[in-house]
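Chemist: fold the following, please.
(chains A and B)
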Amino acid sequence: MEKEIKIITKNWGQINPNQIADYIAVGGYISLEKFIKEMTPALALEEIKLSGLCGRGGAGFPTGMKLESVQKEKSKEKYFICNLDESEPGTYKDRSIVDCDPHMLLEGIIIEALIVGACKAFIYVNGNYQKQIAILERVVGQAQEKNFLGEKILGSKYNLEIEIFVGAGAYICGEETALINSIEGNRGEPKLRPPFPTQVGLFGKPTAVNNAETIANIPWIIARGGKKYATIGSKKSPGTKLFIINGSVKNPAVFEAPLGTKLSTLIDEYAGGVQKGKEFWFAQVGGSSGRLVLKKDLNMKLEYDREAKVSLGSGAILVIDKTVDIHELLLSWMSFFRRESCGKCVPCREGTFRLWEIAKRLQDGEISERDVIAIKDILWTLNNTTFCPLGKFAATAFGDAINNFQKEIYRLSK
Amino acid sequence: MNIKINKKEYAAKDGETIFVACLRNGIKIPTLCGTKNSHEGVCRICVVENNGRLITSCNTKISEGMEIVTESENISKARRINLELLWADHAGKCVTCKKNQKCELQNLATEQKIENFHFIPRKEELTDRENLDLLKDNRTRVVVDEGNACISRTTELCVECRRCINVCPTKELSFNHRAGDVVVGTPYEKPLDCIFCGQCVKDCPTGALTDKNDLLEIIGQLNDLKKMAVALIDPAIMDSVAFEQEEITSQRKLIATLQSLGFEKVFDLGFGMELALEKMTQVVKNSTKNNLMLSHCPSFNLFIEKYYPQFRKNIIDVTHPDELMAEFIKTEYAKKEKINPEDLMVVSISSCVAKKTPVKSSSPSEISKGGEAYFTGQAGSPMAKFDGVKNLDYVITVRELGWIIRQQKIKFEDIGNADFNSGLAVKNEKIKDIIKAGKTAEMIAEKLKVKYIVADGVPQIKNILRDLDKGRVETKIIEAMVCDGGCVNGGGQARQI
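Modeler: Numbering: from 1, shown residues only, chains lettered A, B, ... in the order given. Predicted coordinates for the structure are as follows:
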């Protein structure tokens, strides 16, 4: 396996992200030109399907299939949305993409939007990313000047308009139906599926929503072909992935590694291993909603796989050492979900609130028998009855912690 | 399409939900957030199992090969936990609640045998000073709104089912805040100032939205021997009074019940309807103008006042039948029967919530002068100061009547049947049709041989007013009723659970 393969980060630190000329000098917008001059949308879609690229937002849905279902819709009005609502705690890969190579993202957005036949593309940015919003506005302007965007792109029949939509920073708006609600001006809440957004999406029109990191892979795939992309990384989910390694490691940062890399390799080789004097306890893979991986499972491969026990999620890896107070961690997870639940359905709204209450009592060592039963009940209902996956996410880490570290958690309880 | 429900084969219609398919086949699934017209899937109590997976029955459409199970260990577990989470904020509050015994949450909790108290209530009514402690304690903010004459609102008892949000024709209510802090409220938490159609109160499963009235004061006056209590029965309530108290199966039984509550006289509102129709006919006849709007629906008057003030002058100034009849009782009837009007208490039992808004009593002289007396100023608006003699003392809804009956512990086995008191008889029973949308205009038009337009429900009303604004419509009279189908579906009716 090639370790040094770089797709998304290849220009990071090499070019000035504010200069479109720099990006063009290293081969930027060649893919867009290739798409416009040599390919049809159907052909480009075929390349993406061949590549086996799947969504990098967390669910890992095959991107080609999503684009195809929007492409085949007959509606005149279609939309493409770049999901840049990154609000998973400890995740900053999309932000880094905008910081280091915004034009690559933009090129991907333009190509994908043209593939599905969208008349307008949105970039849904987390409202906390003020600096990134300014960057995006600048690069959109630059691309327009060069006619990579706007009417009759590079002299072709394609037209595309891009709007940067600033969200209010709600976690749930990263979920595509909630994101669509938010752009429409409604409360950021998930909608019932079916109908899927690919059929009835933004303003009732077919809409493709892709994560920013997914989109950043597109120029490479168009330039070098889907077949080549499929050879990188694991068989089930080809390509590279940005991993964000935080916590008790020597150099926490964003790393690009092929999918299928072992967790131990990421921690030891990419992030420099656990900090000196500290002992590895467990790692949380996939952000706040991620599962806990113990020392004995460190050899697991990280890839998008429906059957995998540990879902890769956004690619955030939090390394916890033995000095960390598990109660504080529980409370921090629950404070997050207690705040970020949209409040629509009963189990999530009430359940996350009650778990947060109990987490506070756990920290104070005032937990009673009643709470122990309540934790079980709430985790069960969050796992089984909530409207959208957020409920399940809220229960994942908490449930894992309760299962694995029962002794430590109930240590203080009377 | 064939599906299996509880291992039995059923034929189901394409496009219907599991909930509807089950209900049609006599399998009842408990739900808290669903109504006839809206299914949000937020309460997660209507869960059923499909091939071993829990799904909500209210918003999942049936598909070929489904194997639905409506009762299982997991299903009752899900219902129990979700109900327990909601019940935590209600436990112990039932005795003082207006919706006691008529609360869907209470019913469900009894049905599912929720007896555990795993959670501490967090919603308590707080004053400003206590707000500081709020951060220390896990209490959530509670919004109490008593700023109008018709609807009491408290989020303390709210289960966030969204029925009120979905049913509201003018979209006054919505979710404020997020997650555990969610409250149903108006924009910026301003006091509710709507058209008071009352549909939200009708649909509310708990005591969060209730009719506003001082019922204890009414009970006090009923027991006061000096006061003579008069009840007016709106024919519209006969449709739903049995939903509130199943023992009241007929009008004669209702009259007897009212008498045993302490009402000395019980009259048919049909008499007031005749008065109103006569007056409206007179005004229409005397007016040279076109596009006159009938004013017997108080919600519609408020709708015009609030959203289409340019049509204020089109409304003919005849108040609703209840007020006219009360005025008649306090003047001519009292004179005839030699009763001091001040000793009279007139209570109208109505299917309308908006009638609770104080009205300026229309003086009969103005109407007889020529009929061009138009709706003026603040009259009819909920905050209007009332001056002069109050003709109609109270308007109570079917729900409130039920509350009084339960409060007074009426023993139905002792109650027989009775007829309306004499004196204010209805001349023609056909008049009672005016509770249905369109009938008033039809009757007036028949008499005067003029053209008319009818609208029921806010969407229709909006369409007509838009046409009117653009000059696309020209007619003599316009009748509009805010509740779909008229007073029969009024916001004051009891809901069949």
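
Chemist: domains of the chain?
Modeler: In the absence of a named chain, chain A is used. Domain assignment of chain A by automatic domain parsing yields the ranges A:20-230, A:240-321, A:326-409.

Chemist: oops, I was thinking of chain B
Modeler: Chain B breaks down by automatic domain parsing into domains covering B:2-84, B:131-210, B:215-489.

Chemist: and the last one, how far out from the chain middle?
Modeler: To tie it back to what came earlier, the one meant is domain B:215-489. 14 Å (C-alpha atoms, centre = their mean, to the nearest Å).

Chemist: check stretch A:52-63 too.
Modeler: So, by C-alpha atoms, centre = their mean, the centroid of stretch A:52-63 is 9 Å from its chain's centroid.

Chemist: ok, now which ones touch the residue nearest the centre of chain A?
Modeler: Centroid-nearest residue in chain A: residue A:57, 2.6 Å away (criterion: C-alpha atoms, centre = their mean). With contact taken as C-beta atoms under 8 Å, 6 or more residues apart in numbering or on different chains, residue A:57 is in contact with A:83, A:174, A:210, A:211, A:213, A:214, A:314. Just so you know, the C-beta spots here come from the backbone N, C-alpha and C atoms, and that holds for glycine as well.

Chemist: and if we set it to 10 Å?
Modeler: A:83, A:85-86, A:88, A:94, A:174-176, A:209-214, A:313-315 (C-beta atoms under 10 Å, 6 or more residues apart in numbering or on different chains).

Chemist: which stretch of helix or strand covers it?
Modeler: For residue A:57, there is no host helix or strand (DSSP states H and E).

Chemist: which residues sit in contact with the residue of the stretch 101-250 of chain A found nearest chain B?
Modeler: Closest contact between the stretch 101-250 of chain A and chain B, by C-beta to the nearest C-beta, is at residue A:192 (5.6 Å). The contact partners of residue A:192, by C-beta under 10 Å, 6+ apart, come to A:177, A:387, A:388, B:39, B:40, B:41, B:56, B:59, B:60.

Chemist: and what of residue B:71?
Modeler: B:6, B:27, B:29, B:48, B:49, B:79.

Chemist: chain A next: which of those are close?
Modeler: For chain A, the contacts drawn from the contacts of residue B:71 by C-beta under 10 Å from any C-beta of the partner chain are residue B:79.

Chemist: please identify the helix or strand for the residue of the stretch 101-250 of chain A closest to chain B.
Modeler: According to DSSP H and E, residue A:192 maps onto no helix or strand at all.

Chemist: pLDDT score for it?
Modeler: pLDDT recorded at residue A:192 is 89.

Chemist: swap in residue B:427?
Modeler: At residue B:427, the pLDDT recorded in the model is 88.

Chemist: and it, how many neighbours?
Modeler: For residue B:427, the count of nearby residues is 9 (other C-beta atoms under 10 Å in any protein chain shown).

Chemist: you'd agree it is in a helix?
Modeler: No: using DSSP: H, G, I helix; E, B strand; the rest coil, the assignment for residue B:427 is coil, not a helix.

Chemist: got phi/psi on it?
Modeler: The phi/psi pair for residue B:427 (degrees, to the nearest 10) reads phi -70, psi -50.

Chemist: need the contact list for it.
Modeler: Contacts of residue B:427 (C-beta under 10 Å, 6+ apart): B:270, B:271, B:274.

Chemist: now do it against chain A, distance only.
Modeler: Residue B:427 is 53 Å from chain A, where distance means C-beta to the nearest C-beta, to the nearest Å.

Chemist: circling back to that earlier point, can I get the buried part of the contacts of residue B:71 as one ChimeraX selection?
Modeler: Per 16 or more other C-beta atoms under 10 Å in any protein chain shown, the buried members of those correspond to this ChimeraX selection:
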select /B:27,29,48,49,79
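
Chemist: and of the contacts of residue B:71, the nearest to chain A?
Modeler: Ranked by distance to chain A (C-beta to the nearest C-beta), these are led by residue B:79 at 9.1 Å.

Chemist: assign that closest one to helix, strand or coil.
Modeler: Assigned with three-state DSSP, residue B:79 falls in the helix class.

Chemist: mind checking the longest helix of chain A?
Modeler: When chain A is parsed with DSSP state H, its longest helix is helix A:346-364.

Chemist: got the buried residues for that helix?
Modeler: A:346-363.

Chemist: after it comes which helix or strand?
Modeler: The helix or strand immediately downstream of helix A:346-364 is helix A:369-385, counting by DSSP H and E.

Chemist: which neighbouring elements make contact with that following helix?
Modeler: Under the contact criterion of 3 or more C-beta pairs under 10 Å, 6 or more residues apart in numbering or on different chains; DSSP states H and E, helix A:369-385 touches helix A:346-364, helix A:390-404, strand B:47-50, strand B:53-56, helix B:73-87.

Chemist: now find how far off-centre the third one is within its chain.
Modeler: For strand B:47-50, the distance between its averaged C-alpha position and the chain's averaged C-alpha position is 33 Å (C-alpha atoms, centre = their mean).

Chemist: please put the alpha-carbon coordinates of it into PDB.
Modeler: Only the C-alpha atoms of strand B:47-50 are listed here, as PDB (Å, rounded to 0.1, in the frame of the first residue of the first chain):
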ATOM      1  CA  VAL B  47     -44.500   2.300  16.900                       C
ATOM      2  CA  VAL B  48     -45.100  -1.100  15.500                       C
ATOM      3  CA  GLU B  49     -42.800  -3.800  14.300                       C
ATOM      4  CA  ASN B  50     -42.200  -4.600  10.600                       C
END
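
Chemist: that strand pairs with which strands, and in what direction?
Modeler: Strand pairing for strand B:47-50, determined by DSSP bridges: strand B:53-56 (antiparallel), strand B:67-69 (antiparallel).

Chemist: from chain A, how far off is the residue lying farthest from the centre of chain B?
Modeler: Of all residues in chain B, residue B:65 has its C-alpha farthest from the mean position, at 41.6 Å, by C-alpha atoms, centre = their mean. Separation of residue B:65 from chain A (C-beta to the nearest C-beta): 17 Å.
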